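# Show me how the following folds:
(2 chains)
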Amino acid sequence: MLNISNLREQKNKIVALLKIKNFDALDLIDLVIKKDNSRKLNQQKSDDVLSKLNQIAKEIGFLYKQGDLDKANAFKKSSAELKEESKRLSAIQKETQEEIKEILLQIPNIPHESVPAGNSEIDNEIIKEVGEIPKLHENSQPHWELTELYDLIDFNLGNKITGAGFPVFKGKGAKLQRALISFFLDQNINAGYEEYLPPSVANSDSMFGTGALPDKEGQMYHVTEDDLYLIPTAEVPVTNFFRDTIIKDFPIKCTAYTPCFRREAGSYGKDVRGLNRLHQFDKVEIVQIEHPDHSYSTLDKMVKHVASILDKLELPYRILRLCGGDLSFTSSLTYDFEVYSAGQKRWLEVSSVSNFESFQANRLKLRFKNKEGKSQLCHTLNGSALALPRIFAALVENNQTTDGIKIPKVLQAYTRFDSI
RNA sequence: GGUGAGGUGGCCGAGUGGCUUAAGGCGCACGCUUGGAAAGCGUGUAAACGGGAAACUGUUUCGGGGGUUCGAAUCCCUUCCUCACCGCCA
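Model prediction:
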């Protein structure tokens, strides 16, 4: 959520930048400023009335002590009238505030100046490509064949106990999964992130805080009995640790493994085959809370960190700067990582690293004291380091040989086997 | 799930309708004192939304929401959370 004082001060700049996201914000911004003006006026009126009421109440207390009941009763009458007025004003105030919030929730985050224009993923800017595309043997296969051949994942068993999109990992498949989680966490810890293991369900306040609500209501599993949501990413619980807090030292660096749950309503076809798109998957997330002056250099460091993990796994990958049309509602700048999946001959997204600037912090009331001693919103950043399923898919596809699947060296200490 | 006790500032904690502008303490900051430190003394010490060039100033906030009252941290309703014991249980 953007804040109104910025919208006032930099209206033209913000309108221009939001065009990169293909969003015409002018009318909404004009409307919200107009509503905010009337909110201010109304607040003044309301405060005046309350101030008078407070004075009268004190006066009556004094008169009672003096025993001057007649005078006190006269005051009571005028108090009753003011109270009506106050009720009326605060009802208007409440309504106006809700209208303002509703409008603000419709305005996406402002894209960074470096975000390229564009409508869809075709327009994303490839900024780096690393590693060689592997040449596989003649009978190479996609991972959904390999996982069946080597008995690593049982998709049918998942269908039976839950439904499509809930795979059952088994044997060396389960071990490889567990190895990747440990490996990713260790890499993040070595880079200075503190490990957390948060709950996998969160309340609506938390969902609202990071923007999953109201934006993605239909994409989440909702436990209606207790009004809790299954988390779509660890970003939700971890970032919400810092909801309503005032930060003393920057940066705050957290990493967390969690399962992630997404309904993915409307997805179908070969894009969702095998591990490509799941309802439940594992992910290790990194989150940082930063001072606004340093958030972009921190974003660069996070990108380098994720790249270093992929280097160690010896997977070919490319880094994309998302164009305005592909950028999420809440993000200012996002870099996507895609690994090449040789069995499917396509690039698969495995990480998304973003700077949200103060967009999340505004809803979270996540602040720090600046040099002038005033509270100011922090910047929040996060990224996947990394999402498991497509890494798993690329590893088994790219490392398949006629003799089996080779495990990259860095993982062998975790799997305790060097091939499948 | 049952019963009981609670939720007050950064922290501890007093406060059963107006003397609270939330006592007192701890912590923190600044100053005095000192050769230096400690102790001691003094001063200050939240957030949000407004007004004002500023000094300053209005309102709200004692877990959340609602109510009673001229007036609520205090009374009532409701909800969430914490703790203790019991029950169930990985």
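
# which parts of the stretch 51-200 of chain A sit against RNA strand B?
A:51, A:53-54, A:56-58, A:60-61, A:64, A:75-76, A:79-80, A:83 (Cβ under 7 Å from any atom of the strand). Every residue, glycine included, has its C-beta placed from N, CA and C.

# For residue A:138, which three-state class applies?
Following DSSP: H, G, I helix; E, B strand; the rest coil, the label given to residue A:138 is coil.

# check contacts around it.
By Cβ atoms under 8 Å, 6 or more residues apart in numbering, the contact list for residue A:138 is empty.

# how far away is it from residue A:195?
44 Å (Cβ to Cβ, to the nearest Å).

# ok, which stretches of the stretch 51-200 of chain A are helices?
Using DSSP state H, counting those that start in this stretch, the helices found in the stretch 51-200 of chain A span residues A:69-104, A:143-149, A:155-161, A:171-190.

# do the same with the stretch 251-400 of chain A
A:295-312, A:359-364, A:388-398.

# of all the ones you listed, which lies closest to RNA strand B?
Among the helices of the stretch 251-400 of chain A, helix A:359-364 comes nearest to RNA strand B, with 9.5 Å by Cβ to the nearest atom of the strand.

# That closest one and RNA strand B in contact?
No - Helix A:359-364 stays clear of RNA strand B (Cβ under 7 Å from any atom of the strand), getting no nearer than 9.5 Å.

# sorry, back to before: so which of the helices of the stretch 251-400 of chain A gets nearest residue A:377?
For residue A:377, the closest of these is helix A:359-364, at 4.2 Å, according to Cβ to Cβ.

# Give me the neighbour count for the residue of chain A found nearest RNA strand B.
Using Cβ to the nearest atom of the strand, residue A:61 is the residue of chain A that sits closest to RNA strand B, at 2.8 Å. If you count neighbours by other Cβ atoms under 10 Å, residue A:61 ends up with 11.

# okay, it: pLDDT?
Looking at residue A:61, its pLDDT stands at 84.

# Then the one 3 residues further on?
Predicted confidence (pLDDT) for residue A:64: 81.

# which regions of chain A sit below the pLDDT cut-off?
Along chain A, the parts satisfying pLDDT under 70 run over A:265-271, A:372-373.

# okay if I get the helices of the stretch 51-200 of chain A as JSON lines plus mean neighbour count?
Conversion of these to JSON lines gives the following (neighbours: other Cβ atoms under 10 Å):
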{"stretch": "helix A:69-104", "mean neighbour count": "14"}
{"stretch": "helix A:143-149", "mean neighbour count": "20"}
{"stretch": "helix A:155-161", "mean neighbour count": "13"}
{"stretch": "helix A:171-190", "mean neighbour count": "18"}
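
# wait, which of the ones you listed is closest to residue A:47?
With Cβ to Cβ, the closest approach to residue A:47 among the helices of the stretch 51-200 of chain A belongs to helix A:69-104: 9.2 Å.

# Check the offset of the closest one from the chain's centre.
How far helix A:69-104 lies from its chain's middle: 39 Å, per Cα atoms, centre = their mean, to the nearest Å.

# Next, the distance between the ends of stretch A:160-171.
Stretch A:160-171 has an end-to-end distance of 19 Å (criterion: Cα to Cα, to the nearest Å).

# Just read off the phi/psi values of the residue nearest to residue A:165 when sequence neighbours are not counted.
Spatial nearest neighbour of residue A:165, excluding adjacent residues (Cβ to Cβ, 6 or more residues apart in numbering): residue A:279 at 3.5 Å. Residue A:279 adopts backbone torsions of phi -80, psi -30, taken as degrees, to the nearest 10.

# residue contacts, residue A:279?
Residues counted as contacts of residue A:279 (Cβ under 8 Å, 6+ apart) are A:163, A:164, A:165, A:166, A:261, A:262, A:263, A:264.

# swap in residue A:295?
Taking Cβ under 8 Å, 6+ apart, we find residue A:295 in contact with A:355, A:357, A:379, A:381.

# and the last one, how many neighbours?
Put plainly, it is residue A:381. Other residues near residue A:381 come to 27 when the count uses other Cβ under 10 Å.

# residues contacting residue A:260?
Contacts here follow Cβ under 8 Å, 6+ apart; on that basis residue A:260 touches A:231, A:232, A:233, A:234, A:280, A:281, A:282, A:283, A:387.

# can you do 10 Å?
A:200, A:230-236, A:278-283, A:285, A:384, A:387-389 (Cβ atoms under 10 Å, 6 or more residues apart in numbering).
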